[in-house]
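>>> Sequence first, predicted model second:
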Amino acid sequence: MTAPGPRNTLAWAVGVLFLANVVASIDRTALSVLLPQIKLEMHLSDTQLGLLTGLAFSAFYAIFGLPLSRLADRGRRPLLIGVAMGFWSLMTALTGLAQGFWHLMTARMLVAIGEAGGVPPAHSLISELAPEHRRPMALAIHSAGVPLGALIGLAGGGLLAGALGWRMSFAVLGVLGLPVALLVLATLPEPRTQAPASIRPPAGAPGVLLKRRSFQLLMGGFALGAFAMSGLLQWLPSYFARAFSMPVAAVGVQFGLSYGLGAISGMLVGGTVATGLMRRDARWALRLASLSYVAAFLPLLGVLLVTDARVAMGLVFLGTACASMAYGPAYAMIQTIAPANLRGFASAFSLFVANLIGAGLGPLAVGVMSDLHGGDPASALRAALLALLPIFACPAALYALASRAFGQETSRA
């Protein structure tokens with residue numbers, strides 16, 4: 001099988017990488033809906049579950065992403081993505097063999113190492129194929145693979161868990177990625193191999209990027225946005241199961257649809273709006289990202305205050321849609337701020353701070369606060385999630401400051 005002609009190269013690459021991102025998200029997210037069965041069988045605490053959904057995955061994903069991104073800035077990106085994808089798919093399948101907490105921890109770490117080689121080379125490749133004003137939409141489409149994968153992982157994981165149990169669910173979900181890994185290896189282009197060696201840019205020095213004030217503020221927004229959203233989304237399925245006495249399969253399907261469709265809608269709307277705004281001024285991408293977190297606060301607060309599960313699911317859709325409008329514009333600005341020979345590193349570093357500080361600590365913080373609160377499990381988890389919500393103001397402020405800093409840097413240049 002061969003890739004289509006030059007006119008469709010960008011669309012083909014975005015489509016294939018979108019599929020790869022869907023698979024990664026399935027393998028990452030399915031655990032959250034399988035937690036009730038794992039907790040029951042292994043007698044784990046909420047703190048241990050927070051480690052499994054947070055730091056056990058995110059720390060290794062973040063740390064290994066940096067050296068793998070340097071390979072992405074130098075070598076063949078489709079090869080890196082395909083090999084990494086095959087590895088994480090096999091490790092997902094093997095998770096079902098875990099016999100205790102430490103086995104689960106090890107499996108999650110290995111899945112994370114594989115997935116660390118997926119997004120940075122994908123962002124770098126898409127940004128090289130797309131002109132600046134088309135990057136928000138291209139990267140938004142690629143990013144929409146995350147909520148779609150989460151939808152499939154939550155809904156499919158819930159159904160599989162009800163029919164086959166959590167162990168066989170991991171085996172089935174892991175095998176899904178292998179055909180897509182072969183598609184990546186067989187069909188994706190690598191523009192570097194088509195350029196004369198004399199004009200290929202060498203990998204840049206990361207310090208050039210890390211010293212930029214706009215990039216520093218943008219990374220702060222990424223970290224705190226991920227902290228709030230990951231802590232919330234990883235624990236909401238358990239909250240619905242506890243607060244509304246919903247079975248695992250029902251939670252997986254309903255929450256998966258609410259979160260998945262909301263996030264996909266928000267990403268595509270954000271990408272579309274930012275594409276038009278960036279033609280006039282690139283700073284509008286960051287302003288839009290800031291406003292999205294402001295708009296998300298009240299719907300997500302409502303999720304934890306209403307007493308009707310259907311209304312709460314509707315508010316999950318609305319709040320997630322608002323927050324997800326930030327992804328395409330923010331990722332596009334990362335690639336715009338970074339020099340061409342540091343785009344893989346820029347993407348990996350954003351994932352480093354978002355996962356190590358954000359997604360790694362967010363679910364863990366909620367689990368610890370829930371255990372410390374004590375009493376009724378549903379009330380304890382609700383209190384922990386409510387304590388998380390004020391953090392949504394932080395990414396909104398930091399993205400706005402990053403917009404101002406980028407304008408000042410552009411004026412000086």
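Sure, I can see it.
>>> what packs against the least confident helix or strand in the chain by mean pLDDT?
Between all helices and strands in the chain, the lowest mean by mean pLDDT, DSSP states H and E belongs to helix 191-194, at a mean of 74. On a contact count with 3 or more Cβ pairs under 8 Å, 6 or more residues apart in numbering; DSSP states H and E, helix 191-194 meets helix 119-129. C-betas here are computed from N, CA, C, even on glycine.
>>> would you put the C-alpha positions of the helix it packs on in CSV?
Listed next in CSV are the C-alpha coordinates belonging to helix 119-129 (Å, rounded to 0.1, in the frame of the first residue of the first chain):
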residue,chain,number,x,y,z
VAL,A,119,2.9,12.5,19.8
PRO,A,120,6.2,14.6,19.5
PRO,A,121,7.2,13.1,16.1
ALA,A,122,3.6,13.4,14.9
HIS,A,123,3.3,17.1,15.8
SER,A,124,6.7,17.7,14.2
LEU,A,125,5.7,15.9,11.0
ILE,A,126,2.3,17.6,10.7
SER,A,127,3.8,21.0,11.3
GLU,A,128,6.4,20.5,8.6
LEU,A,129,3.6,19.5,6.1
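>>> wouldn't Leu34 be in contact with Met168 here?
No - assessed by Cβ atoms under 8 Å, Leu34 is found out of contact with Met168, at 10.8 Å.
>>> Can you pick out the residue with more neighbours from the two?
More crowded of Leu34 and Met168, by other Cβ atoms under 10 Å: Leu34, with 26 against 13.
>>> and the more buried one, what helix or strand is that in?
Following DSSP states H and E, one finds Leu34 within helix 9-42.
>>> tell me the mean pLDDT over that helix?
On average, the pLDDT along helix 9-42 is 91.
>>> same deal with stretch 357-371?
Rounded mean pLDDT across stretch 357-371 is 86.
>>> What are the contacting residues of it?
45-51, 53-55, 57-59, 62, 222-232, 234-235, 377, 380-381, 383-385, 387-388 (Cβ atoms under 8 Å, 6 or more residues apart in numbering).
>>> now the helices for the stretch 201-350 of the chain?
Chain-ordered helices for the stretch 201-350 of the chain, with DSSP state H, counting those that start in this stretch as the definition, fall at 206-210, 213-243, 248-280, 283-305, 309-324, 327-337, 343-352.
>>> In contact with the residue sitting nearest the centre point of the chain, which residues are there?
Centroid-nearest residue in the chain: Val146, 5.8 Å away (criterion: Cα atoms, centre = their mean). When contacts are counted by Cβ under 8 Å, 6+ apart, Val146 touches Asn21, Val22, Ala24, Ser25, Ala263.
>>> what's the farthest-apart pair in those?
Checked with Cβ to Cβ, the contacts of Val146 reach their widest spread between Ala24 and Ala263, with 14.7 Å between them.
>>> correct me, but Ser350 touches Met219?
Yes - Ser350 is in contact with Met219 according to Cβ under 8 Å; the separation is 6.3 Å.
>>> The two: which has the busier surroundings?
Between Ser350 and Met219, counting by other Cβ under 10 Å, Ser350 is the more crowded of the two (26 against 21).
>>> Any regions of the chain where pLDDT drops low?
Scanning the chain with the threshold set as pLDDT under 70 gives 1-7, 194-204, 413.
>>> What sits closest to Ser143 if chain neighbours are left out?
Closest residue in space to Ser143, ignoring its immediate chain neighbours: Tyr327 at 4.6 Å, by Cβ to Cβ, 6 or more residues apart in numbering.
>>> Counting neighbours, what do you get for that neighbour?
There are 26 residues near Tyr327, going by other Cβ under 10 Å.
>>> Can you verify my assumption that it contacts Ala140?
Yes - contact criterion Cβ under 8 Å: Tyr327 and Ala140 qualify, at 6.4 Å.
>>> which residues are common contacts for those two?
Counting by Cβ under 8 Å, 6+ apart, the residues touching both Tyr327 and Ala140 are Met267, Gly270.
>>> In the helix holding Leu34, which residues are buried?
By 16 or more other Cβ atoms under 10 Å, the buried positions in helix 9-42 come out as 10, 12-14, 16-39.
>>> and the angle from it to helix 119-129?
The directions of helix 9-42 and helix 119-129 differ by 160 degrees, with axes from the mean of the first three to the mean of the last three Cα atoms, to 10 degrees as the criterion.
>>> which residues are contacting whichever helix or strand comes after helix 9-42?
Moving toward the C-terminus from helix 9-42, the next helix or strand (DSSP H and E) is helix 46-53. Applying Cβ under 8 Å, 6+ apart, the contact partners of helix 46-53 are 31-32, 35, 38-39, 44, 101, 104-105, 108, 234-235, 238, 363-368, 370-371, 381.
>>> Past helix 46-53, which element shows up next along the chain?
helix 55-72.
>>> and that following helix, how far out from the chain's middle?
If you compare the mean C-alpha spot of helix 55-72 with that of the full chain, they lie 13 Å apart, counting by Cα atoms, centre = their mean, to the nearest Å.
>>> One more: stretch 222-231?
Taking Cα atoms, centre = their mean, one finds stretch 222-231 lying 10 Å from the centre of the chain it belongs to.
>>> Need phi/psi at Gln99.
Torsion angles at Gln99 (phi, psi; degrees, to the nearest 10) stand at phi -110, psi 0.
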